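**Student:** the following comprises the amino acid sequence and a computationally predicted model.
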Amino acid sequence: MTPLLFIKHKSFNARTVDNDLIILSEKYNVKLYNSKIGRGIFYFTGFVIDFLYLLFNLYRFKVVFIWFADYHSFFPCLFSKILNKKCFVCLGGYDTHWIVPDKAITIKEKIRKYCVIKSIQLASVVFPVSNWLSTFITHLKEKDKIQVAYCCVNPDAMEASKEIDKENLILTVGGGGILYEAKRKKLDFFIEVGNYFNQNFPDYKAKFILIGHEPGSETYNYFNKLIKDDNIRILPHINDTRELRIFFRKSKVYCQFSEYEAFGIAIIEAMLNEAIPIVYDGGAMPEVINNTGIIITHYHIEETALIIKKILDNGFESLKSGVKKRVLQNFTVNKRKEILFKYL
């Protein structure tokens with residue numbers, strides 16, 4: 001099998017990576033390398049460690065596959081170009097949406113922006129995860145070297161049994177455990193909607209569950225103070241997909257109120273389990289749900305609560321079959337596999 005070097009940053013551990021490792025392992029002998037670039041002294045030592053690894057090992061691989069354009073992608077893209085290796089970069093959001101158009105001021109910001117832009121330019125092909133995201137790089141790359149490759153879900157792994165009954169459960173997942181990221185995802189708004197809903201419609205006994213934050217952490221403590229009802233809970237990050245998919249299956253409503261998302265993989269995992277999505281009109285989220293969910297254009301607590309009430313009253317029953325169908329037609333592992341293998 002052809003040797004392939006799969007590069008990601010050590011801190012990036014997500015189902016998107018797991019899915020691609022499974023896909024690529026079907027046709028390639030995959031070696032996973034975690035970039036060591038970090039903060040403080042690890043910023044410089046990480047660059048050195050990555051440089052030395054590539055210097056003594058890259059020649060053994062015919063294909064290089066990288067998740068995110070950032071500090072860690074520059075040397076692999078540069079060395080691949082010099083050695084005439086095929087190099088592919090997945091663009092996932094922050095790299096393309098923020099860093100590329102950002103006005104870098106500090107030296108570190110300028111270095112980071114340079115690494116991102118040069119990685120995009122040097123790569124054989126780049127794979128942005130949505131059409132919305134691709135619009136930020138059209139001035140940097142030839143059109144035929146930009147291919148949208150949506151994030152994907154494995155139906156066999158993420159679809160729970162239909163024997164599990166739906167509940168008056170409203171769910172949101174994510175935040176990365178980091179406070180500023182959780183604020184960007186508007187988890188405070190999710191909690192405020194839950195407070196309002198249960199105060200005004202107590203007969204529904206609706207459960208608002210937020211998954212992704214450890215008790216005692218700064219983020220948990222910040223949001224926990226906002227909760228005014230016992231039916232609103234913050235749960236830790238769930239690694240076990242068998243457990244996570246049960247929450248998706250029980251949910252009647254999935255909320256993603258982020259200011260923007262480059263894609264939003266939890267949205268399609270919820271849709272696969274026939275939860276109706278409510279998303280904010282930011283980034284690629286409207287593109288992901290298309291006409292199979294509800295889009296809010298402003299953060300209005302009462303209006304959003306009334307949308308949830310209507311869903312719980314079976315007011316959007318026609319969307320239920322559409323949400324799952326959209327995932328199966330557009331966002332499966334097989335769909336992503338077709339695109340990746342076509343270019344690799």
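**Tutor:** Sure thing, it's come through. Numbers count the residues shown, from 1 in each chain.
**Student:** now name the helix or strand holding residue 139.
**Tutor:** Applying DSSP states H and E as the criterion places residue 139 outside every helix and strand.
**Student:** before we move on, what's the pLDDT of it?
**Tutor:** Per-residue confidence at residue 139 stands at 95 (pLDDT).
**Student:** then residue 177?
**Tutor:** Reading off the confidence values, residue 177 has pLDDT 65.
**Student:** secondary structure class for residue 233?
**Tutor:** The assignment at residue 233 comes out as strand when based on DSSP: H, G, I helix; E, B strand; the rest coil.
**Student:** please name the spatially closest residue to it (chain neighbours excluded).
**Tutor:** Once flanking residues are discounted, residue 233 sits nearest to residue 209: 5.3 Å by C-beta to C-beta, 6 or more residues apart in numbering. C-beta coordinates here come from the backbone N, C-alpha and C atoms, glycine included.
**Student:** if you count neighbours, what's buried in the host helix or strand of that neighbour?
**Tutor:** Counting by DSSP H and E, the element that carries residue 209 is strand 207-211. By neighbour count on 16 or more other C-beta atoms under 10 Å, the buried set for strand 207-211 is 207-211.
**Student:** now for the following helix or strand past it, which elements pack on it?
**Tutor:** Proceeding N to C from strand 207-211, the next assigned helix or strand is helix 218-224, under DSSP H and E. Applying 3 or more C-beta pairs under 8 Å, 6 or more residues apart in numbering; DSSP states H and E, one finds that helix 218-224 contacts helix 179-184, helix 187-200, strand 232-235.
**Student:** on that earlier part again, what sits against the residue nearest to residue 233?
**Tutor:** For residue 209, the set of contacting residues under the criterion of C-beta atoms under 8 Å, 6 or more residues apart in numbering consists of 169-172, 232-233, 235, 247.
**Student:** just the CA trace of the strand holding residue 209, in PDB.
**Tutor:** The C-alpha trace of strand 207-211 is given here as PDB (Å, rounded to 0.1, in the frame of the first residue of the first chain):
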ATOM      1  CA  LYS A 207     -34.700  19.200  29.300                       C
ATOM      2  CA  PHE A 208     -32.000  21.400  28.000                       C
ATOM      3  CA  ILE A 209     -28.700  19.600  27.800                       C
ATOM      4  CA  LEU A 210     -25.300  21.100  26.900                       C
ATOM      5  CA  ILE A 211     -22.600  18.500  26.300                       C
END
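**Student:** that strand to helix 187-200, inter-axis angle?
**Tutor:** 170 degrees (axes from the mean of the first three to the mean of the last three C-alpha atoms, to 10 degrees).
**Student:** picking that back up, ok, the residue nearest to residue 233 to residue 316 distance?
**Tutor:** Counting by C-beta to C-beta, to the nearest Å, the separation of residue 209 from residue 316 is 20 Å.
**Student:** repeat for residue 17
**Tutor:** Residue 17 sits 33 Å away from residue 316, taking C-beta to C-beta as the criterion.
**Student:** re the thing from before, looking at the buried residues of strand 207-211, spot the one nearest residue 133.
**Tutor:** For residue 133, the closest of those turns out to be residue 211, at 24.7 Å, with distances computed as C-beta to C-beta.
**Student:** thought that closest one was touching residue 173?
**Tutor:** Yes - taking contacts as C-beta atoms under 8 Å, residue 211 lies within contact range of residue 173: 4.6 Å.
**Student:** contacts made by stretch 320-334 with the rest, please.
**Tutor:** So stretch 320-334 is in contact with 19, 22-23, 150-155, 268, 271-277, 288-293, going by C-beta under 8 Å, 6+ apart.
**Student:** average pLDDT for that stretch?
**Tutor:** Average pLDDT, stretch 320-334: 92.
**Student:** and residue 118, what does it touch?
**Tutor:** Residues in contact with residue 118, defined by C-beta under 8 Å, 6+ apart, are 74, 77-78.
**Student:** pLDDT weak spots in the protein?
**Tutor:** Flagging of the chain using pLDDT under 70 yields the residue ranges 176-177.
**Student:** if you set the cut-off to 80 instead, what comes out?
**Tutor:** Low-confidence segments of the chain, defined by pLDDT under 80, are located at 13, 175-178, 320-321.
**Student:** show me just the buried residues among the contacts of residue 118.
**Tutor:** The neighbour-count criterion (16+ other C-beta under 10 Å) marks 74, 77-78 among these as buried.
**Student:** could I get those residues as TSV with secondary structure and distance to residue 105?
**Tutor:** What follows is the buried ones among the contacts of residue 118, written out as TSV (DSSP: H, G, I helix; E, B strand; the rest coil; distance: C-beta to C-beta, whole Å):
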residue	secondary structure	distance to residue 105
74	helix	20
77	helix	25
78	helix	25
